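> I would like to see how this sequence folds:
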Amino acid sequence: DELTAHIQKNGLFDQVAADFFRTEFRKMSNEITLHIRSENFKEANRILDYSKIFYEQNQQYISQQLAWTTFGLSGRRLLYQKQFESAQKSFGYAVDISDDSQIDESYFYYIWVDIIQKDYRAALRSINKLKLIDNFDKHTSKLKFWIARVLEETGDKKQAQAYYQQITDKDPLSFYSILS
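Residues are numbered from 1 along each chain as shown. Next up, the predicted model:
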């Protein structure tokens, strides 16, 4: 009976704590969205930074999926508002916490911030910083295509062509194979 009471007590506490931290994190996510919509980017950035710290300190209670979605959506909202530096920071937070099924999408958006601005040199620096070429074979065709496109735009046409060929050889009927 004592063991059961102890487990129930601790289990209940853990559930209450988890609910509290998830609720607080969702509130931060909503606040970020509201501040972006009202174009109060300074406050949106402040809460975004705080939410990353809050997640790291309480990740045993907050699902990784919730945090990843929050950082990804916040990044896209900032990107649509042309807040490029803040968007890339938010995508960087998503990269930091991505699991294997999310990482290529996070990488894509991280470099997309530079690509959308046609700053291919910055995109190449990001590609190198993230070591995306080192594991090129393991990436999705979407990410591979944009890596190749950046290489093409920065003058490495031979390597870009080799990567385009690799994309089409692996999956000739995919959208990115057709673009290649």
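
> next SSE downstream of the helix or strand that contains residue 107?
Using DSSP states H and E, residue 107 sits in helix 103-116. Using DSSP H and E, the helix or strand that directly follows helix 103-116 along the chain is helix 120-129.

> helices or strands next to the helix holding residue 107 in the packing?
Judged by 3 or more Cβ pairs under 8 Å, 6 or more residues apart in numbering; DSSP states H and E, the packing partners of helix 103-116 are helix 64-80, helix 84-97, helix 120-129, helix 141-153. Quick note: C-beta positions are derived from backbone N, CA and C, even for glycine.

> quick one: low-confidence ranges for the protein?
Filtered on pLDDT under 70, the chain yields the residue ranges 1-13, 173, 176, 178.

> sorry, back to before: list the contacts of the helix holding residue 107.
68, 72, 75-76, 79, 84, 87-88, 91-92, 94-95, 98, 120, 122-123, 126-127, 130, 132, 139-140, 142-143, 146-147, 149-150 (Cβ atoms under 8 Å, 6 or more residues apart in numbering).

> which residues touch the residue nearest to residue 55 when sequence neighbours are not counted?
Closest residue to residue 55 apart from its sequence neighbours, by Cβ to Cβ, 6 or more residues apart in numbering: residue 67 at 4.5 Å. By Cβ under 8 Å, 6+ apart, residue 67 lies in contact with 25, 51, 55, 59, 97.
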